[in-house]
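Trainee: no sequence for this one, just the structure:
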């Protein structure tokens, strides 16, 4: 029996836990997953985690991407929703230096204008989901659906639409996955408004709505100047004028002409070429993986250790110990990829000093820490007032923990507010402590022997 040599495929969503913007990226990731599945692939999906040996599609580079930790991995950056002109300087730099998957050819040209030797890119727009039955628009209970927060300009345009008698259904938060499918399946149309007069349409956002079988009504600043290409086809474009809006809506949302146009658009997008973008994405991924294999560079061995038992989520570029991490807890130093004295940063998270597990954890961290490394920990409000005395056995009274050669040296102490932001020490909230590892001097070791039974001769 022949062995399947198809590379593994992995989707990495970079948005941190709790970020509303992460729902846009999740919706994009689910669309890409469905399209790749339609090609017979089996992509996996995780937050902020790359998979060694796989083709990694990294979604939402706008939220941050650890390029150093990604060295040796086969990565394609997938630009998320939003205007390309609003990208941060760092995001633009990354999109110039890494292979890219994008929905809008004009956007790629814009952010790579000064990078003629940039890595390859591919164009992909989400295909319609063939499992979504098309329901005629007159039978849908909701009118124009508008998702997410609006700025003043968008509120003004929306008010104008309502004055024309159009039914509008607002939802202030973005949705993703089954919840979004349930909403859009009931909408007669999905409305996209420009954030500024001179803004360009967000093609990825439009296609992500269309894949659920909803007609898209999208504002554009100059309809005549729109490219006549597949990227802009099957979208009902309008300028923010009453006459142009009425033209785009034909005989109204519930009328037979608009309903017929919407259904023809949907059927045409279910053609055999609907997966051309997914094939281009897959071809680019294979090309990137082949280049990584030819370069022969392995992913870097992490030298940062995350020991908060998975409470704050997975950190890319770190070795994570705890639930959902690279190794499950409790800490087993023998199973770590690096040994004693080889970790540049160790973050033990928030700890209680009266927890019996805290003392041995700090002992292990002291052994693992590199000579120039840093140990980071947080203490809750209950430990904040007396942390200096409670941590003395690892600092000035280091002999109490059974070692004479190393101790911890305090580098920084700062208070954290309820939002986790640093502030001045006032004895009120949580405390963030940063320690370095210090080798004890001959004088320190000699003086401490008078404190030890048997003078610590065997240590």
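Mentor: Structure received. What you see is a predicted model; the values in this text were computed from it and never measured.
Trainee: I figured residue 45 was touching residue 11, is that so?
Mentor: Yes: if you go by C-beta atoms under 8 Å, residue 45 and residue 11 touch, sitting 4.6 Å apart. From N, CA and C alone the C-beta is placed, and that goes for glycine too.
Trainee: intersection of neighbour lists for those two?
Mentor: By C-beta atoms under 8 Å, 6 or more residues apart in numbering, residue 45 and residue 11 have these common neighbours: 29, 33.
Trainee: More neighbours: which of the two?
Mentor: Between residue 45 and residue 11, counting by other C-beta atoms under 10 Å, residue 11 is the more crowded of the two (25 against 17).
Trainee: I figured residue 144 hits residue 186, correct?
Mentor: No: checked against C-beta under 8 Å, the pair residue 144 and residue 186 is beyond contact range at 12.0 Å.
Trainee: show me where pLDDT drops low in the stretch 101-250 of the chain?
Mentor: The stretch 101-250 of the chain contains residues with pLDDT under 70 at 130, 231.
Trainee: all strands in it, in order from the N-terminus.
Mentor: Counting by DSSP state E, counting those that start in this stretch, one finds strands in the stretch 101-250 of the chain at the ranges 121-123, 142-147, 168-171, 187-192, 216-219, 236-238.
Trainee: out of the ones you listed, deepest packed?
Mentor: strand 187-192 (a mean of 24; mean count of other C-beta atoms under 10 Å).
Trainee: report the angle between the axes of that one and strand 142-147?
Mentor: Going by axes from the mean of the first three to the mean of the last three C-alpha atoms, to 10 degrees, strand 187-192 is angled at 30 degrees with respect to strand 142-147.
Trainee: and the lengthiest helix in the chain, how far out from the chain's middle?
Mentor: Criterion DSSP state H: the longest helix present in the chain is helix 276-295. Its chain's average C-alpha position is 21 Å from that of helix 276-295, according to C-alpha atoms, centre = their mean, to the nearest Å.
Trainee: list the helices and strands the helix or strand that it is followed by packs on?
Mentor: Of the helices and strands lying after helix 276-295 in sequence (DSSP states H and E), the nearest is strand 304-309. For strand 304-309, the contact count by 3 or more C-beta pairs under 8 Å, 6 or more residues apart in numbering; DSSP states H and E identifies strand 319-322, strand 343-351, helix 358-368 as packing neighbours.
Trainee: Now do the shortest one, average pLDDT.
Mentor: This means strand 319-322. Regarding strand 319-322, the rounded mean pLDDT is 89.
Trainee: Would you mind pulling up the elements that that strand packs against?
Mentor: Under the contact criterion of 3+ C-beta pairs under 8 Å, 6+ apart, strand 319-322 touches strand 304-309.
Trainee: what's the angle from the strand it packs on to strand 343-351?
Mentor: Using the same axes, to 10 degrees: strand 304-309 against strand 343-351 is 20 degrees.
Trainee: per-residue confidence averaged over the longest helix of the chain?
Mentor: Taken as a whole, helix 276-295 carries a mean pLDDT of 93.
Trainee: want to throw the strands of the stretch 101-250 of the chain into a markdown table with distance to residue 411?
Mentor: Shown next, in a markdown table, are the strands of the stretch 101-250 of the chain (distance: least, C-beta to C-beta, whole Å):
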| stretch | distance to residue 411 |
| --- | --- |
| strand 121-123 | 43 |
| strand 142-147 | 46 |
| strand 168-171 | 47 |
| strand 187-192 | 50 |
| strand 216-219 | 53 |
| strand 236-238 | 58 |
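Trainee: Indicate which one of the ones you listed is closest to residue 302.
Mentor: strand 121-123 (28.9 Å; C-beta to C-beta).
Trainee: got a list of contacts for the closest one?
Mentor: Applying C-beta under 8 Å, 6+ apart, the set of residues contacting strand 121-123 from outside is 76, 99-105, 108, 112, 231, 277, 280-281, 283-284.
Trainee: Please indicate which of these are buried?
Mentor: Of the members of the contacts of strand 121-123, the ones counted as buried by neighbours, 16 or more other C-beta atoms under 10 Å, are 76, 99-104, 108, 112, 231, 277, 281, 284.
Trainee: Of those residues, which is the nearest to residue 201?
Mentor: Nearest member of the buried ones among the contacts of strand 121-123 to residue 201, counting by C-beta to C-beta, is residue 104, at 8.4 Å.
Trainee: That closest one and residue 207 touch, don't they?
Mentor: No: at 10.1 Å, residue 104 does not count as touching residue 207 under the criterion of C-beta under 8 Å.
Trainee: residues near the spatially closest residue to residue 51 that is not a sequence neighbour, how many?
Mentor: The shortest distance from residue 51 to any non-neighbouring residue, by C-beta to C-beta, 6 or more residues apart in numbering, is to residue 10 (3.8 Å). Look at residue 10: counted by other C-beta under 10 Å, it has 23 neighbours.
Trainee: Am I right that residue 10 sits in a strand?
Mentor: Yes: per DSSP: H, G, I helix; E, B strand; the rest coil, residue 10 lies within a strand segment.
Trainee: Just send the helices and strands packed on strand 304-309 back as CSV, with distance to residue 150 too.
Mentor: Shown next, in CSV, are the helices and strands packed on strand 304-309 (distance: least, C-beta to C-beta, whole Å):
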stretch, distance to residue 150
strand 319-322, 38
strand 343-351, 38
helix 358-368, 48
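Trainee: Outline the domain layout of the protein.
Mentor: What automatic domain parsing lists as the domains of the chain is 9-127+274-295, 137-268, 304-456.
Trainee: Okay, now the second one: how far is its last residue from its first?
Mentor: Counting by C-alpha to C-alpha, to the nearest Å, the length from the leading to the trailing residue of domain 137-268 is 17 Å.
Trainee: Could you pull out the helices in the protein for me?
Mentor: Counting by DSSP H, the chain has helices at residues 21-38, 67-70, 89-97, 105-111, 152-163, 178-184, 203-210, 242-248, 256-268, 276-295, 358-368, 387-390, 442-448.
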